[in-house]
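Colleague: Predicted coordinates and the sequence they were generated for:
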Amino acid sequence: MAAGLVIAGPALRRRYPAAWWLLVGFPIACVRVGRTWRALMAGCGLAVSRKAALTVVSGLVGNGAPPPQPRVPRRGPIRPTVGGFWFVVRLLPGQVPADFVKAAPAMAETWQVHAVRVTPWKPGYVRVAASSADPLAAPRVPSHRGDGRLLQVAVGVLETGAQWIVDLRQIPHWLIVGATRSGKSTLINSLVAGLAPQPVALVGIDCKGGMELSLYGPRLSALATNRAQAVKLLTSLVALTLDRMAICRGARVRNVWGLPDEERPVPVVVIVDELAELFLVASRGEKDEAQAAGTALIRLAQLGAALGVFLVVAGQRVGSDLGPGVTALRAQLGGRVCHRVADPGTAEMALGDLNPDALKAAQAIRPDQAGTAVLASGDGWERARSHLVSEADAEATAAEYAHLTPWLPELLDIAADFAPAKGPTSATAGIERLDRDDSA
């Protein structure tokens, strides 16, 4: 059997990686961990001498007896995963999880695995998880992008091999940062492609002339392509949330999810691409527009989760130098995704207030790792990679689900001298109405 596995191992590993790992890789990894555990703990400074005085005396009067072995942290049974293994370690008195976090690279080198992650398990214990290979090297696009739940999308794969799920019901607002060609736009494409088949309204704000989000034009209920349009659109969204607040108050419920299905308003997902274009100013008039846009975004972030309005804010550079409104907005965005960035300040703005270890991981992303990102929330952080959704796929998705685009007259009746549209309209009609208002 051993000879057969050696001969057929390479082919088995390529075609059936999970089976190869359970039959060959995992047993070998268990042997390595068992043989090197004591030496590894001692080499990393995680072993504790039993009795220092006894060690000295045994060398003098012990008749050649070896000194007592130091105590090492006790580990639990090794449990396999799809592409790795994990086990729990009990800390010795005086040890903290940070001591084992520092030893993670040494564990990966000794056990000859791709990476080792150490996380707190419960008081006095840590969880050591190892991955045999990099699951982010070639993530496979799933056959479905969620489990059928509203506002839930599988956008990629986590470093653990599990699906990367964005659940807007759980974490309603997200901040996505990344430099050019880092994978930021691909992540947005993957998210919108997963939301397009769902009964939700998609609203876009792309102040770069609509170059990015215009691909989804037929599926967008409204699209603003400059800051003036964005201010009007955001103001209408704030009014929409206030109307929904009145509906909930009249029905004596705390959020729209407490309303009956037939009375519940359609969820609205607002996607803002290139946040800096909303806040950069060159004159006093632009300063007033930027302040109005920032105030509206902050109000949506504060009120939107309970009223069915969700924010996905993206940008190449996000920093406090853009104004105090950016910092206030960042505090309301509980989900953070950081791709490779061009300046450390952007990574600090995205992850620094949540987890310093996540910040270090984001700064280590190389230029050749497009799509790789570090995502963090109040529950912790993970490395992940989004599925590749090309521009052609984006346009095809928008065309396929254009008939699901909800008609929201609140988003089109932006100016007082405009009458609401008479029937269902597309994002293109919304842009034309905005352009005519600007001309007037």
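Modeller: Now that the structure is in, tell me what you want to look at.

Colleague: Name every sheet partner of the helix or strand harbouring residue 272 and say whether each one runs parallel or antiparallel.
Modeller: For residue 272, the host element (DSSP states H and E) is strand 268-273. Strand 268-273 sits in its sheet next to strand 201-206 (parallel), strand 309-315 (parallel), going by DSSP bridges.

Colleague: which residues sit against the shortest one?
Modeller: Surrounding strand 201-206, the residues in contact under the criterion CB atoms under 8 Å, 6 or more residues apart in numbering are 192, 195-196, 210, 212-214, 216, 219-225, 230, 233-234, 237, 266-274, 278, 405-406, 408, 411, 427. The C-beta positions use only the backbone N, C-alpha and C, and glycine is treated the same way.

Colleague: Alpha carbons only: can I get the next helix or strand after it in PDB?
Modeller: Beyond strand 201-206 in the direction of the C-terminus, DSSP H and E gives the next helix or strand as strand 220-224. Extracted as PDB, the C-alpha positions of strand 220-224 are listed here (Å, rounded to 0.1, in the frame of the first residue of the first chain):
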ATOM      1  CA  LEU A 220     -28.700  49.600 -10.800                       C
ATOM      2  CA  SER A 221     -31.700  51.500  -9.500                       C
ATOM      3  CA  ALA A 222     -29.600  54.700  -9.600                       C
ATOM      4  CA  LEU A 223     -26.100  55.800 -10.500                       C
ATOM      5  CA  ALA A 224     -24.300  59.100  -9.700                       C
END
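
Colleague: what's the model's confidence in strand 220-224, averaged?
Modeller: For strand 220-224, the mean per-residue pLDDT is 90.

Colleague: what's downstream of that strand, the next helix or strand?
Modeller: Later in the chain than strand 220-224, the nearest helix or strand by DSSP H and E is helix 227-251.

Colleague: Run through the neighbouring helices and strands of that following helix.
Modeller: Applying 3 or more CB pairs under 8 Å, 6 or more residues apart in numbering; DSSP states H and E, we find helix 227-251 packed against strand 201-206, strand 220-224, strand 268-273, helix 276-279, helix 284-307, strand 309-315, helix 409-412, helix 427-439.

Colleague: okay if I get these as a markdown table plus distance to residue 397?
Modeller: Shown next, in a markdown table, are these (distance: least, CB to CB, whole Å):
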| stretch | distance to residue 397 |
| --- | --- |
| strand 201-206 | 11 |
| strand 220-224 | 12 |
| strand 268-273 | 14 |
| helix 276-279 | 25 |
| helix 284-307 | 24 |
| strand 309-315 | 16 |
| helix 409-412 | 21 |
| helix 427-439 | 14 |
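
Colleague: From residue 402, how far off is the most centrally placed residue in the chain?
Modeller: Taking CA atoms, centre = their mean, the centroid of the chain lies closest to residue 375, which sits 3.6 Å from it. Separation of residue 375 from residue 402 (CB to CB, to the nearest Å): 30 Å.

Colleague: Please apply the same query to residue 241.
Modeller: Residue 241 sits 26 Å away from residue 402, going by CB to CB.

Colleague: Ok, residue 291 next?
Modeller: As judged by CB to CB, residue 291 and residue 402 stand 35 Å apart.

Colleague: same check, this time on residue 278
Modeller: 27 Å.

Colleague: quick one, which of the two is more surrounded?
Modeller: Legend: neighbour count by other CB atoms under 10 Å for residue 278 and residue 402, higher for residue 278 (29 against 16).

Colleague: The more buried one touches residue 296, doesn't it?
Modeller: No. Judged on CB atoms under 8 Å, residue 278 makes no contact with residue 296 at a distance of 9.8 Å.

Colleague: just to revisit the earlier point, of all the helices and strands packed on helix 227-251, which one comes closest to residue 388?
Modeller: Smallest distance to residue 388 across the helices and strands packed on helix 227-251 (CB to CB): 17.3 Å, for strand 309-315.

Colleague: for that closest one, which positions count as buried?
Modeller: For strand 309-315, the buried set under the neighbour-count rule, 16 or more other CB atoms under 10 Å, comprises 309-315.

Colleague: Where does pLDDT dip in this protein?
Modeller: Applying pLDDT under 70 to the chain flags the ranges 2, 4-10, 12-13, 50-68, 138-148, 378-379, 412-440.
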